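K.L.:
please find the sequence and the predicted model below.
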Amino acid sequence: MTDIAWIELALTAARPQALGALLRYFRDLDTAEEAFQEACLRAIRTWPDKGPPRDPAAWLIFVGRNSGIDVVRKRSKNDPLPEEEAFSDLSDAEGDMAERLDNSHYRDDILRLMFICCHPDLPATQQIALALRIVSGLSVAQIARAFLVGDSAMEQRITRAKARVAKAGVPFETPGAAERAERLGIVSAMIYLVFNEGYSAGITNPDSAAFCDEAIRLARLLLRIFPAEPEIMGLLALMLLQHSRARTRIDANGQIVLLEDQDRSRWDSQLINEALALLDKAIRHRKPGPYQVQAAISALHARAPTPKDTDWKEITMLYGLLERIQPSPVVTLNKAVAVSKLEGPEAALEMIAPLAEKLDGYFYFHGVKGGLMMQSGHRQEAREAFDRAIALANSPAECAHIRQQIDKLGAVTPPAV
Amino acid sequence: MLYAILCYAHEETVFAWSKEEEDAVMAKLIEVQTPYAQAGKLGPVGRLMPTTAATTVRKGKEEPLVLDGPFAETKEVLLGFYTLDVETLEEAVAFSKALSAVNPGSSSYEIRPFLVFRPGEIKHSETKT
């Protein structure tokens, strides 16, 4: 790794804390981003000669704050004076850099930076784009490639999202305990969105596959600043477990490989071990939540040396728990799959029958239904469900997977149209 | 003398490495270790999982407290360790310098002489190959 590559990594790593602090000082996202950018340029100029500072984030905050003040002062020659309160931390600017960093603030700084990306008015894709731009510091071009849109279209989207956030007002007061917990939940959901975008779009687009790593990095960061939150442990464990199968869930031809057909020896044991350690820690808190339960289910797959060793009984029980904590037809559908392994396809078909209306537009529902119909020998119904699944497929890989199932069905009289 | 060589670094930066960058660094680190291993001077080498996976047991008023996270919140954290059996401190320093030269992530290597209480009986079920 070259010096510059290394410095860029250090800048990326320091970004959430440094930008979060600058946002608190300047109370304006654009000013904070400019100040951070300026500090990064100075870092690239001075670090190679002087060596990197021991605390890159502190260095960037100090330098960024000074350059930001200059910019604001220049602007203010024409504008009315800014309110003194907006620069409440400026008086001690000469003190020792590292010592002056107010550690009691940085958790909320980082959380705030993530939180402003999750504005409820913003659709999921814009939340993802904004978080990757602001918190992770990915370039607009990188994000545009992942979403398969042009640079200028993405630039516009991000600018609009930022304007929306600014208009809504950034919450600068230190949050109370209940508010902080609420923010943590919202930010966790955003991180999982980033992961899922990478997980699903990454099948065909390597630029989005990188989102999975980014989401894991954000979750580690969140857990480092809130180390005793079992749901964040659960979220991180869940993503690590899903990501541990990244190498095996798509074959060389870009086809989906089902969990039971994957080469388990190629699952990433390092990620699995970390996830299992996190899950053990989370369970000690005895505060189960949706992420922990989903991670626990995923962990049972990870622990099974072969598919037939899978503890479907425990998995069914966990889906039952998940149904109680977070009722949803999709959870019931997943539970039905587990039940089919224990009691056969008929029992599962019975369970999913009431879901048909709610999940009619859901690819996975028809895929599962087709599979269960096939197992129970209802070839005609299976064919109909698979045809419906193909019509709803989100990607060519999903489509191809269902076609394989149809091939297994063999020749069946096509349904009357 | 037995030395534990403790590697400290900024966790955020090390975990911002891509898989390729990580593999490249690891390959170079193994290159440094190989001659020491072949000479029978290298003992167990451990890599610590991120501090987010850590748990700390601390003396409490009545019974010990079990806390999430590492023992101390510091900018640089203990990332891993080597054990080395060499004649002189010079050799331990040379080994650490060689590791440092190929590891952009580590800020410091702490060299701590130690005594073996027990060589250990663990079968390495989670050995990283």
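P.N.:
Okay, I see it.
K.L.:
can you map out the helices along chain B?
P.N.:
Remark: helices assigned in chain B by DSSP state H are B:11-14, B:19-38, B:89-102.
K.L.:
what packs against the longest one?
P.N.:
In this structure, helix B:19-38 packs against strand B:42-47, helix B:89-102, with contacts taken as 3 or more C-beta pairs under 8 Å, 6 or more residues apart in numbering or on different chains; DSSP states H and E. C-betas here are computed from N, CA, C, even on glycine.
K.L.:
need these in CSV with mean pLDDT, can you?
P.N.:
Listed next are the helices and strands packed on helix B:19-38 as CSV, based on pLDDT from 0 to 100:
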stretch, mean pLDDT
strand B:42-47, 94
helix B:89-102, 95
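K.L.:
compare the ones you listed and give me the one nearest A:Lys369.
P.N.:
Closest to A:Lys369 of the helices and strands packed on helix B:19-38, according to C-beta to C-beta: strand B:42-47, at 45.3 Å.
K.L.:
show me what stretch B:36-47 is in contact with.
P.N.:
Identification of contacts with stretch B:36-47 by C-beta atoms under 8 Å, 6 or more residues apart in numbering or on different chains yields B:2, B:33, B:79-86, B:95, B:120, B:128.
K.L.:
ok, now stretch A:143-159?
P.N.:
A:125-126, A:129-130, A:132-133, A:140-141, A:197-198, A:201, A:205, A:207-208, A:210-211.
K.L.:
go on, stretch A:265-280?
P.N.:
A:233-234, A:236-238, A:240-241, A:243-248, A:292, A:295-296, A:298-299, A:302-303, B:49-50, B:52-53, B:126, B:128.
K.L.:
so which of those residues sit within helices?
P.N.:
Checked against DSSP H, the contacts of stretch A:265-280 include these in helices: A:233-234, A:236-238, A:240-241, A:243, A:292, A:295-296, A:298-299, A:302-303.
K.L.:
for chain B, give me its nearest residue in the stretch 151-300 of chain A.
P.N.:
Of all residues in the stretch 151-300 of chain A, A:Pro227 sits closest to chain B, with a separation of 3.6 Å (C-beta to the nearest C-beta).
K.L.:
where are the low-confidence patches of chain B?
P.N.:
B:106, B:124-129 (pLDDT under 70).
K.L.:
what residues does it put near chain A?
P.N.:
Counting by C-beta under 8 Å from any C-beta of the partner chain, the residues of chain B close to chain A are B:10-13, B:15-19, B:21, B:24-25, B:49-53, B:55, B:66-69, B:75-76, B:104, B:107, B:126, B:128.
K.L.:
A:Ala353: neighbour count?
P.N.:
11 (other C-beta atoms under 10 Å in any protein chain shown).
K.L.:
separation between it and A:Ala161?
P.N.:
41 Å (C-beta to C-beta, to the nearest Å).
K.L.:
kindly report the same for B:Glu12.
P.N.:
Relative to A:Ala161, and taking C-beta to C-beta, B:Glu12 is found at 26 Å.
K.L.:
would you turn the helices and strands packed on helix B:19-38 into TSV with mean neighbour count?
P.N.:
Output for those, formatted as TSV (neighbours: other C-beta atoms under 10 Å in any protein chain shown):
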stretch	mean neighbour count
strand B:42-47	15
helix B:89-102	16
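K.L.:
would CSV of those with distance to A:Ile4 be doable?
P.N.:
Output for the helices and strands packed on helix B:19-38, formatted as CSV (distance: least, C-beta to C-beta, whole Å):
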stretch, distance to A:Ile4
strand B:42-47, 26
helix B:89-102, 17
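K.L.:
give the contact list for the residue of the stretch 151-300 of chain A closest to chain B.
P.N.:
B:Thr52, B:Asp68, B:Gly69.
K.L.:
phi first, then psi, for A:Ser328.
P.N.:
A:Ser328 adopts backbone torsions of phi -160, psi 140, taken as degrees, to the nearest 10.
K.L.:
residues near it, how many?
P.N.:
A:Ser328, neighbours per other C-beta under 10 Å, totals 14.
K.L.:
any idea how far chain B is from it?
P.N.:
For A:Ser328, the distance to chain B equals 28 Å [C-beta to the nearest C-beta, to the nearest Å].
K.L.:
do A:Gln126 as well
P.N.:
Taking C-beta to the nearest C-beta, one finds A:Gln126 at 24 Å from chain B.
K.L.:
tally of neighbours for that residue?
P.N.:
A:Gln126: 19 neighbours (other C-beta under 10 Å).
K.L.:
again, but for B:Leu84
P.N.:
B:Leu84 is flanked by 21 other residues according to other C-beta under 10 Å.
K.L.:
surely it meets B:Tyr3?
P.N.:
Yes - B:Leu84 is within contact range of B:Tyr3, at 4.8 Å (criterion: C-beta atoms under 8 Å).
K.L.:
what is in contact with those two at once?
P.N.:
Counting by C-beta under 8 Å, 6+ apart, the contacts common to B:Leu84 and B:Tyr3 are B:Ala92.
K.L.:
got a pLDDT number for A:Glu85?
P.N.:
At A:Glu85, the pLDDT value in this model is 46.
K.L.:
who touches stretch B:59-76?
P.N.:
Against stretch B:59-76 from outside (C-beta under 8 Å, 6+ apart): A:54-55, A:224, A:227-228, A:233, A:281, A:284, B:8-10, B:51-52, B:54-58, B:77-78, B:107-108.
K.L.:
hmm, try it at 6 Å
P.N.:
In this structure, residues lying in contact with stretch B:59-76 by C-beta atoms under 6 Å, 6 or more residues apart in numbering or on different chains are A:Asp55, A:Pro227, A:Ala228, B:Tyr8, B:Ala9, B:His10, B:Thr51, B:Ala54, B:Thr56, B:Val57, B:Arg58, B:Ser107.
K.L.:
next, give me the two most distant ones among those residues.
P.N.:
A:Asp55 and B:Val57 (28.5 Å).
K.L.:
more neighbours: those two, which one.
P.N.:
Legend: neighbour count by other C-beta under 10 Å for A:Asp55 and B:Val57, higher for A:Asp55 (18 against 10).
K.L.:
list phi and psi for that one.
P.N.:
Here A:Asp55 shows phi and psi, under degrees, to the nearest 10, equal to phi -120, psi 90.
K.L.:
give me the angle between the helix or strand that contains A:Ala209 and helix B:19-38.
P.N.:
Per DSSP states H and E, A:Ala209 falls inside helix A:206-225. Relative orientation of helix A:206-225 and helix B:19-38, computed by axes from the mean of the first three to the mean of the last three C-alpha atoms, to 10 degrees: 70 degrees.
K.L.:
helix A:206-225 near chain B at all?
P.N.:
Yes - among the residues of helix A:206-225, A:Arg220, A:Leu223, A:Arg224 lie within reach of chain B under C-beta under 6 Å from any C-beta of the partner chain.
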